[in-house]
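**Student:** What follows is a predicted structure for the sequence shown.
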Amino acid sequence: MAIEQNSPLPQEEPPIPESSPTVGYSLRFAGGPSTSQLVAIAVATAVYTALTWISSSLLSSGIPVVSFLFVAIGFGVPFALWFGGWSFVIGYIGSFVGAGILTGMPLPVALMFGVVDIIQLGLPMILYRTLGSRLGVNPIGKDVGTTRGFVFFLCCAVLLNNILGALYGNFILVQFGIAPAGSFWFAVITWALSNFALTAIIGSLLLRTVGSVVERSGLTVHSAIS
């Protein structure tokens, strides 16, 4: 009687590859940006400057430069997280030109006022690329829809930076007579509350929906400037 041969065991299916690790982002200096990155940064700078001018001149709270609806900040924070150290350039030009020169602010004052958006845009970028990475937060804010991601975003990109920006910006305006001294605290509160709302709404929406597209397109800046 013929012995029935055992049928071969089915081969195991190859394991499903793990998803690609999170792209690394840091503040180190490693080469220069690509042409496409430079174009994206230039476009972001132009958009931020135009929105800053519109917000400061056409949406004024009644106090010079201080807007009750500073729409620009909702775009500026995502730009900062995406473009790394270039956030200092985007922020400074936006404030110096858009809220300064184009609104008739004297040049010396505009030069100092430009620092305000180095604070409002640069501080979140630094915190995301240093403290955020240690806390398991996505370095360009793509996880803002999660509890951890939103709490970090709220603390570091909505509250802290905008409070400091409001204090510094209005101090400059009052010190140089652009705004009356008695308007300081009213202007600080108006500035901060407006920025809180617009950053939380527009900024979080852009980070959650557009951040992955910008990253996949190779436009995000991984190190300080490249």
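**Tutor:** Received, thanks. Numbers count the residues shown, from 1 in each chain.
**Student:** Could you identify the helix or strand that succeeds the helix or strand of the chain with the lowest mean pLDDT?
**Tutor:** When the helices and strands of the chain are compared on mean pLDDT, DSSP states H and E, helix 131-134 comes out lowest with a mean of 91. Heading C-terminal from helix 131-134, the first helix or strand you meet, by DSSP states H and E, is helix 147-153.
**Student:** which strands and helices sit next to that following helix?
**Tutor:** Contacting helix 147-153 under the criterion 3 or more CB pairs under 8 Å, 6 or more residues apart in numbering; DSSP states H and E are the following elements: helix 204-209. C-beta: built from backbone N, CA, C; applies to glycine.
**Student:** need the next SSE after the helix it packs on, C-terminal direction.
**Tutor:** Under the assignment DSSP H and E, the closest C-terminal helix or strand after helix 204-209 is helix 211-216.
**Student:** Residues in contact with that following helix: which ones?
**Tutor:** Applying CB atoms under 8 Å, 6 or more residues apart in numbering, the external contacts of helix 211-216 come out as Val23, Ala40, Pro78, Leu81, Trp82, Ile140, Gly141, Lys142, Thr220.
**Student:** And the strands in the chain, which stretches?
**Tutor:** Here the chain has no strands by DSSP state E.
**Student:** any low-confidence regions in it?
**Tutor:** Low-confidence segments of the chain, defined by pLDDT under 70, span residues 1-23.
**Student:** Nearest residue to the residue most central in space within it in space, ignoring adjacent ones along the chain?
**Tutor:** Geometric centre of the chain, nearest residue: Val77, 2.1 Å, by CA atoms, centre = their mean. By the measure of CB to CB, 6 or more residues apart in numbering, the closest residue to Val77 outside its immediate chain neighbours is Gly203, 4.4 Å from it.
**Student:** and what of Phe186?
**Tutor:** Take Phe186 and drop its neighbours on the chain: the residue closest to it by CB to CB, 6+ apart is Ile63, 7.4 Å away.
**Student:** shouldn't the one you found be in contact with Phe184?
**Tutor:** No. Under the criterion of CB atoms under 8 Å, Ile63 makes no contact with Phe184, lying 9.4 Å away.
**Student:** if you count what's nearby, which of these two comes out ahead?
**Tutor:** Under the criterion of other CB atoms under 10 Å, the comparison of Ile63 against Phe184 puts Ile63 first, with 20 against 17.
**Student:** Now do the contacts for that one.
**Tutor:** Applying CB under 8 Å, 6+ apart, the residues contacting Ile63 are Leu173, Ala179, Pro180, Ser183, Phe186, Ala187, Thr190.
**Student:** go again using 6 Å as the cut-off
**Tutor:** Ile63 makes contacts with Ala179, Ser183, Ala187, as judged by CB atoms under 6 Å, 6 or more residues apart in numbering.
**Student:** Looks like the last one contacts Phe171 (just checking).
**Tutor:** No. The pair Ala187 and Phe171 does not pass the contact test of CB atoms under 6 Å, sitting 10.0 Å apart.
**Student:** Looking at the two, which has the bigger crowd around it?
**Tutor:** Taking neighbours as other CB under 10 Å, Ala187 and Phe171 compare with Ala187 leading, 23 against 14.
**Student:** mind checking how far that one is from Asn170?
**Tutor:** Ala187 sits 5 Å away from Asn170, going by CB to CB, to the nearest Å.
**Student:** what's the longest helix anywhere in the chain packed up against?
**Tutor:** Secondary structure of the chain per DSSP state H: the longest helix is helix 35-58. Helices and strands in packing contact with helix 35-58 are listed as helix 72-83, helix 86-93; criterion 3 or more CB pairs under 6 Å, 6 or more residues apart in numbering; DSSP states H and E.
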